[in-house]
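1. I need the structure of the sequence given here:
(2 chains)
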Amino acid sequence: MPPGITLAADTPQLSAANTGFMLICSALVMLMTPGLAFFYGGMVRVKSTLNMLMMSFISLGIITILWVLYGFSAAFGTDHGGFVGWNGHFLGLSGIGLTQLWPGYTIPIYVFAVFQLMFAIITPALISGALADRVKFTAWALFITLWATVVYFPVAHWVWGTGGWAFDLGVIDFAGGTAVHINAGAAALGVILVIGRRVGFKKDPMRPHSLPLVMLGAGLLWFGWFGFNAGSWLGNDDGVGAVMFVNTQVATAAAMLAWLVYEKLRHGTFTTLGAASGAVAGLVAITPSGGCVSPLGAIAVGAIAGLLCAMAVGLKFRFGYDDSLDVVGVHLVGGVVGSLLIGFFATGGVQSDAKGLFYGGGLGQLGKQAAGVFAVLAYSLVASAILAFLVDKAIGMRVTEDDEVSGIDRTEHAETAYDFSGAGGGATPRNVALVAPVEEHAQARKVDA
Amino acid sequence: MKLITAVVKPHRLDEIKEALQASGVHGLTVTEASGYGRQRGHTEVYRGAEYTVDLVPKIRIEVLVEDDDAEHVTDVIVKAARTGKIGDGKVWSVPVDAAVRVRTGERGPDAL
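-> Okay, here's the model as predicted:
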């Protein structure tokens, strides 16, 4: 997000173009959460598909309400000590004028609030990939409520809020490398350290049940990410958002290719899951950095991220932590890589004049980036582990071993994802059998006979 | 009567169906199956995690025939299913006590 610098001479006027653009970007970012649901949903075994989808969808419900009630105020209200915001007018989004502009910009506060809401929704949803197959749905709902309140809202304030400490320090995070991806990746690690592995981890086969769903999800993420990244400049008056758009495409392409080449050399094949994962790794890495690198720099950022993430996803087997769908390997590692590479590849010519090491800027920016990375990582890791521990003590984080083995879709949601059997899996209607149309239907059949 | 069961490579199904039709067999049942014999599975890789997939997809064909036809029909299936490579499958037959056509109630060979 750009610093809200305004020259005294040109007080911002509401721009219909920027407002329209930002509403479309908000819708694009909203679509990323269902995209993520499919990306994750295809990667789990068939018995956990619906639970995986629902962990993302419930975030669309819960976080929206929290955001309206107090989330927007906590993240983007007036700064308190660099740590958290507060603005009574933002509570309930009720004290905001229709055409009241977000300070320093040409879009209404309402538009800014709804755009930022979509970021707040997808960030907790990202964590769910690490928790496949085994977390009680009520525990998940409670966890993301607490997590958004204690972790996401403050961290978004640090990074993007006026007066947030990271913002003031000069840490560059264009669209959420630290606030979204490092934050969610570190949280995932914190939670799995508390709740432990899936039953059968490293022993039972845990192949993705539907790679076409994964590809569909990756495609939706890629598409929505243009809103996420290009929209984060909050307008199009100086061309920076357009550079971000270009770099998003370029880095994603480079990362996908890098992952595929690594796989081909290491395992002998180009896999579909590798292509999808590489693309997401590139999207993650360019998120913080796309506003300060050149398109050639974006190729480097994407390729490095694709390569390192492809190597990182194997670590969970070595260290024995069950990051089920590689939230740590892709989002944490990709976010760290993208954030730190700003310190090398920032040209000083796009979003700000901060220069990286390769452009004669010395190590200064790298140091700032490292401070931002470390602070968010450490805070989110520790706070998330504590929250998971508390929820576990209060209501239990995990389903029973029996329920986990027989399938969380059936036990937590009373549904199955697919019915391929001509006989309907032996299902007989129960309560619905009592309503009138069924009786009429039965009588009609009797007459036929 | 005999029940002939064949577990064979999925892509031979059409050949087998045509060969059986040509030799006067009027009906059969096909089920998707998986298993292994001398042919073992293959390796799959997901984000670097390698899996050996042991069970190979097959189709299982069941045909009910009169005793006198059993040997001929078995030969027809074997010939149509054969590719000469490992994993072509197996064909076997077992005696059948009774058979009834559900619609008419016909029994024995008339039900075929």
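2. in chain B, which strand has the most residues?
-> Looking across chain B with DSSP state E, the single longest strand is strand B:56-65.
3. and the angle from the helix or strand just after it to strand B:56-65?
-> Later in the chain than strand B:56-65, the nearest helix or strand by DSSP states H and E is helix B:70-81. Going by axes from the mean of the first three to the mean of the last three CA atoms, to 10 degrees, helix B:70-81 is angled at 150 degrees with respect to strand B:56-65.
4. What lies in contact with helix B:70-81?
-> Helix B:70-81 is contacted from outside by B:2, B:4, B:6, B:8-9, B:12, B:15-16, B:18-20, B:23, B:25, B:61, B:63, B:65, B:88-89, B:91, B:93, using CB atoms under 8 Å, 6 or more residues apart in numbering or on different chains. Placement of C-beta: from N, CA and C, glycine included.
5. let's see it at 7 Å
-> Applying CB atoms under 7 Å, 6 or more residues apart in numbering or on different chains, the external contacts of helix B:70-81 come out as B:2, B:4, B:6, B:8-9, B:12, B:15-16, B:19-20, B:23, B:25, B:63, B:65, B:88-89, B:91, B:93.
6. Using CSV, write down the CA coordinates of that helix.
-> Provided in CSV are the C-alpha atoms of helix B:70-81 (Å, rounded to 0.1, in the frame of the first residue of the first chain):
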residue,chain,number,x,y,z
ALA,B,70,-17.8,-72.4,-21.8
GLU,B,71,-14.5,-73.5,-23.4
HIS,B,72,-15.2,-71.7,-26.6
VAL,B,73,-16.3,-68.4,-24.9
THR,B,74,-13.2,-68.6,-22.7
ASP,B,75,-11.0,-68.8,-25.7
VAL,B,76,-12.8,-65.9,-27.4
ILE,B,77,-12.2,-63.7,-24.4
VAL,B,78,-8.5,-64.7,-24.0
LYS,B,79,-7.8,-64.1,-27.7
ALA,B,80,-9.5,-60.7,-27.6
ALA,B,81,-7.9,-59.6,-24.3
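7. can you pull the buried residues of it?
-> B:70, B:73-74, B:76-78, B:80-81 (16 or more other CB atoms under 10 Å in any protein chain shown).
8. right, and the secondary structure at the closest residue to residue B:87 other than its chain neighbours would be what?
-> Closest residue to residue B:87 apart from its sequence neighbours, by CB to CB, 6 or more residues apart in numbering or on different chains: residue B:39 at 3.3 Å. With DSSP: H, G, I helix; E, B strand; the rest coil as the basis, residue B:39 sits in coil.
9. List the contacts of residue B:39.
-> B:56, B:86-87 are the contacts of residue B:39 under CB under 7 Å, 6+ apart.
10. on that earlier part again, could you flag which of the contacts of helix B:70-81 are buried?
-> By 16+ other CB under 10 Å, these give B:2, B:4, B:6, B:8-9, B:12, B:15-16, B:19-20, B:25, B:63, B:65, B:88-89, B:91, B:93 as buried.
11. what about the closest residue to chain B within the stretch 101-250 of chain A, which helix or strand?
-> Ranking the residues of the stretch 101-250 of chain A by distance to chain B (CB to the nearest CB) places residue A:205 first, at 5.5 Å. Of the helices and strands defined by DSSP H and E, none includes residue A:205.
12. give me phi/psi at it?
-> Reported as degrees, to the nearest 10, the phi and psi values for residue A:205 are phi -70, psi 130.
13. Which secondary structure state does the closest residue to it other than its chain neighbours sit in?
-> Nearest in space to residue A:205, with sequence neighbours left out and distances taken as CB to CB, 6+ apart, is residue B:51 at 5.5 Å. On the three-state scheme (three-state DSSP), residue B:51 is labelled strand.
14. Was I right to think residue B:51 contacts residue B:41?
-> No. The criterion here is CB atoms under 7 Å, and residue B:51 misses it with residue B:41 at 9.1 Å.
15. circling back to that earlier point, which pLDDT value does the model give the residue of the stretch 101-250 of chain A closest to chain B?
-> For residue A:205, the pLDDT comes out at 85.
16. go on, residue A:419?
-> 85.
17. ok so it is a helix residue?
-> No. Per three-state DSSP, residue A:419 lies outside any helix segment and is coil.
18. Tell me, how many residues neighbour it?
-> 11 (other CB atoms under 10 Å in any protein chain shown).
19. on that earlier part again, out of the buried residues of helix B:70-81, who's nearest residue A:122?
-> residue B:81 (51.9 Å; CB to CB).
20. Can you tell me the closest non-neighbouring residue to the closest one?
-> Using CB to CB, 6+ apart, the closest residue to residue B:81 is residue B:8 (4.2 Å).
21. I'd assumed residue B:89 was in contact with the one you found.
-> Yes. The pair residue B:8 / residue B:89 is scored as a contact, 3.8 Å apart, by CB under 7 Å.
22. Spell out which residues are contacts of both of those two.
-> Common neighbours of residue B:8 and residue B:89 (CB under 7 Å, 6+ apart) are B:58, B:81.
23. Which elements pack onto the lowest-mean-pLDDT helix or strand in chain B?
-> The helix or strand of chain B with the poorest confidence is strand B:49-53; it has a mean of 86 (mean pLDDT, DSSP states H and E). Applying 3 or more CB pairs under 7 Å, 6 or more residues apart in numbering or on different chains; DSSP states H and E, we find strand B:49-53 packed against strand B:42-46.
24. In its sheet, which strands sit next to the strand it packs on, and in what direction?
-> strand B:49-53 (antiparallel) (DSSP bridges).
25. Convert the C-alpha atoms of the partner strand to CSV, please.
-> The C-alpha trace of strand B:49-53 is given here as CSV (Å, rounded to 0.1, in the frame of the first residue of the first chain):
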residue,chain,number,x,y,z
ALA,B,49,6.5,-37.2,-1.9
GLU,B,50,6.7,-40.4,-3.9
TYR,B,51,4.0,-43.1,-3.7
THR,B,52,4.1,-46.6,-5.1
VAL,B,53,0.6,-47.3,-6.3
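26. Can you list the neighbours in contact with it?
-> A:205, A:207, B:41-44.
27. between those, which is nearest residue A:121?
-> residue A:207 (29.1 Å).
28. Make sure the closest one is indeed in a helix.
-> No. Applying three-state DSSP, one finds residue A:207 to be coil, outside a helix.
29. ok, it to residue A:40 distance?
-> 14 Å (CB to CB, to the nearest Å).
30. So which of those two has more stuff around it?
-> residue A:40 (29 against 16).
31. what angle do the helix or strand residue A:287 falls within and strand B:42-46 make?
-> For residue A:287, the host element (DSSP H and E) is helix A:272-289. Helix A:272-289 and strand B:42-46 are oriented at 10 degrees to each other (the same axes, to 10 degrees).
32. Now do the contacts for the closest residue to residue A:340 other than its chain neighbours.
-> Excluding the flanking residues, the one nearest residue A:340 by CB to CB, 6+ apart is residue A:369, at 5.4 Å. In this structure, residue A:369 makes contact with A:171-172, A:339-340, A:342-343, judged by CB under 7 Å, 6+ apart.
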